[in-house]
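Novice: Structure for the following, please:
(one chain, ligands or ions: 1)
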Amino acid sequence: MRAIEILLLSRDDVVALALTPNEVVSVVTEALCEHAAGTFEMHPKIGVHPTGTDPANFIHAMPAYLHTLGACGLKWVAGFAKNYQHDLPNVTGLQVYNDTETGVPLAIMDCSYLTGLRTAAVSAIVAKRCAPRDAHTLALVGCGFEGTMHLRFLANEIPTLRHVRLRDVRHQAMAELKECAASYFDGEIVLCPDNESCIDGADVIATCTNGDEQIIRSEWFKMGAFAVGIEGGCAYTAEALHQAEKFVVDDIALAEYFEHIGRNRKTEDGRPDPEFPGGLPKVYATIGELVAGKKQGRDSDQERIVAIPIGMAICDVALAHLVYHTALERGVGHRFRLA
Ligand SMILES: NC(=O)c1ccc[n+]([C@@H]2O[C@H](COP(=O)([O-])OP(=O)(O)OC[C@H]3O[C@@H](n4cnc5c(N)ncnc54)[C@H](O)[C@@H]3O)[C@@H](O)[C@H]2O)c1
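Specialist: Predicted coordinates for the structure are as follows:
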């Protein structure tokens, strides 16, 4: 019997591969095209909810298979927003990558950095198709891990951006992101004292927060702007979410499932905390349909477009495929004999 060896990749190993935004966007785009073509298997995230520190805590199981790419695996990912109290990241977990011929596990890798790469890639991919022509100004609210990834990927996919407004309740997070972004963005970056000065009139708005504040108000969301939020629709007031002429998600079944589980959710102080304030808006298109050219992203300079990617396991497994093969080529990681 052949030995079964697993490649173990730590977060440092994944970071050391130094995958470029273009490499990541390319493989995630393949996954989105397979989504549009229907050549995938994926299920709405199932999970458990150890609510000790926060009612919103979750650990999700995210299996996925992409037929054409030949990638399959499972992400087991936790989101604990209060983890800063333990000096730990919000998002932690493991990505398992399996052989599609034999089913054997080929690799186990840290999934936190991967999640940042894939989430930012998806937001940047949809932004490229829905942002106004010659978009100059980006408002980025939430400058933690995901916000940091988003700035890098959005700047890469929307090269016309010249002004970035950052907003975070933690001044240090804004200052650190400004410093880090200087290595790849040569436009102006300003730190904003409040949500209004950040969002009002921006061409592109991205929210990467982990709180329960409804940050985006309709009066700041100008005609013709594009907004993407990765915390479900939680960062929008119902009015701002529902005034958009087009509403885009990554996967309709996922969005409906999250809408359903958010319906009875409450914040820590007992307020309703729905996934989509005012309910799930009518979906115009999936991101895959935009990428595959089945639907047009932007039709006019006037329309407001909102995209809410919930986070698809097929994008994670596509990235795991890239990471596994790149690590093999470069001799990165440790081998573990499983059987
Ligand atoms: N949709 C997806 O695919 C996907 C994937 C990964 C993470 N997420 C979500 O993205 C969010 C961010 O994750 P992260 O790992 O970057 O967390 P993080 O803790 O590193 O960053 C969150 C940042 O938001 C800031 N923030 C919180 N409330 C704010 C407010 N009202 N105004 C301004 N700033 C505020 C915090 O200070 C922090 O800097 C989480 O909600 C997470 O669940 C979504």
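Novice: Can you dump the C-alpha atoms of stretch 328-339 in CSV for me?
Specialist: The C-alpha trace of stretch 328-339 is given here as CSV (Å, rounded to 0.1, in the frame of the first residue of the first chain):
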residue,chain,number,x,y,z
LEU,A,328,5.0,21.7,-4.1
GLU,A,329,6.9,23.5,-6.9
ARG,A,330,8.8,25.7,-4.4
GLY,A,331,9.4,23.0,-1.7
VAL,A,332,7.5,24.9,0.9
GLY,A,333,5.8,23.2,3.9
HIS,A,334,6.3,20.1,6.0
ARG,A,335,5.4,16.5,5.2
PHE,A,336,3.3,14.5,7.6
ARG,A,337,2.8,10.7,7.1
LEU,A,338,-0.8,10.1,7.8
ALA,A,339,-0.9,6.4,7.0
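Novice: give the contact list for Gly233.
Specialist: Contact analysis of Gly233 by C-beta atoms under 8 Å, 6 or more residues apart in numbering lists 241, 274-277, 280, 306, 308. Yep, even glycine has a C-beta here, placed from its N, CA and C like the rest.
Novice: Mind doing that once more with 6 Å?
Specialist: Applying C-beta atoms under 6 Å, 6 or more residues apart in numbering to Gly233 gives the contacts 241, 276, 308.
Novice: Local confidence estimate at it?
Specialist: Gly233 carries a pLDDT value of 95.
Novice: Also the one 5 residues further on?
Specialist: We have a pLDDT of 96 for Ala238.
Novice: Check Glu256 too.
Specialist: The per-residue pLDDT of Glu256 was computed as 95.
Novice: Which residue is the nearest non-sequential neighbour of it?
Specialist: Among residues not flanking Glu256 along the chain, Leu280 sits closest, at 6.5 Å (C-beta to C-beta, 6 or more residues apart in numbering).
Novice: How many neighbouring residues does the closest residue to the ligand within the stretch 201-339 of the chain have?
Specialist: When distances are taken as C-beta to the nearest ligand atom, the stretch 201-339 of the chain reaches nearest to the ligand at Gly311, 2.6 Å away. Residues near Gly311, counting by other C-beta atoms under 10 Å, number 22.
Novice: any idea how far it is from Cys111?
Specialist: 11 Å (C-beta to C-beta, to the nearest Å).
Novice: repeat for Val248
Specialist: Counting by C-beta to C-beta - Val248 and Cys111 are separated by 25 Å.
Novice: Repeat that for Asn57.
Specialist: 17 Å.
Novice: the more surrounded of the two?
Specialist: Counted by other C-beta under 10 Å, Asn57 and Cys111 do not tie: Cys111 has more neighbours, with 27 against 18.
Novice: Quick check, the more buried one in contact with Gly93.
Specialist: Yes: in terms of C-beta atoms under 6 Å, Cys111 counts as a neighbour of Gly93; the distance is 4.5 Å.
Novice: shared neighbours, the two?
Specialist: Residues touching both Cys111 and Gly93 by C-beta under 6 Å, 6+ apart: Val77.
Novice: buried set for stretch 98-107?
Specialist: Across stretch 98-107, burial judged by 16 or more other C-beta atoms under 10 Å covers 98, 105-107.
Novice: ok, of those residues, which one's closest to the ligand?
Specialist: Using C-beta to the nearest ligand atom, the shortest approach to the ligand within the buried residues of stretch 98-107 belongs to Ala107, at 20.7 Å.
Novice: Excluding chain neighbours, what is closest to the closest residue to the ligand within the stretch 101-250 of the chain?
Specialist: As assessed by C-beta to the nearest ligand atom, the ligand sits closest to Gly144 within the stretch 101-250 of the chain, at 1.9 Å. Distances taken as C-beta to C-beta, 6+ apart place Ala173 nearest to Gly144, at 5.9 Å, with adjacent residues excluded.
Novice: element containing that neighbour?
Specialist: helix 171-181 (DSSP states H and E).
Novice: Restricting to C-alpha, output that helix in PDB.
Specialist: In PDB, the C-alpha atoms belonging to helix 171-181 read as follows (Å, rounded to 0.1, in the frame of the first residue of the first chain):
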ATOM      1  CA  HIS A 171      -7.100  55.000  14.900                       C
ATOM      2  CA  GLN A 172      -4.100  52.800  15.000                       C
ATOM      3  CA  ALA A 173      -5.700  50.400  12.400                       C
ATOM      4  CA  MET A 174      -6.100  53.300   9.900                       C
ATOM      5  CA  ALA A 175      -2.600  54.600  10.500                       C
ATOM      6  CA  GLU A 176      -1.100  51.100  10.100                       C
ATOM      7  CA  LEU A 177      -3.000  50.500   6.800                       C
ATOM      8  CA  LYS A 178      -2.000  53.900   5.500                       C
ATOM      9  CA  GLU A 179       1.700  53.100   6.100                       C
ATOM     10  CA  CYS A 180       1.400  49.600   4.700                       C
ATOM     11  CA  ALA A 181      -0.400  50.800   1.500                       C
END
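Novice: and that helix, anywhere near the ligand?
Specialist: Yes: against the ligand, helix 171-181 shows contacts by C-beta under 6 Å from any ligand atom at Ala173.
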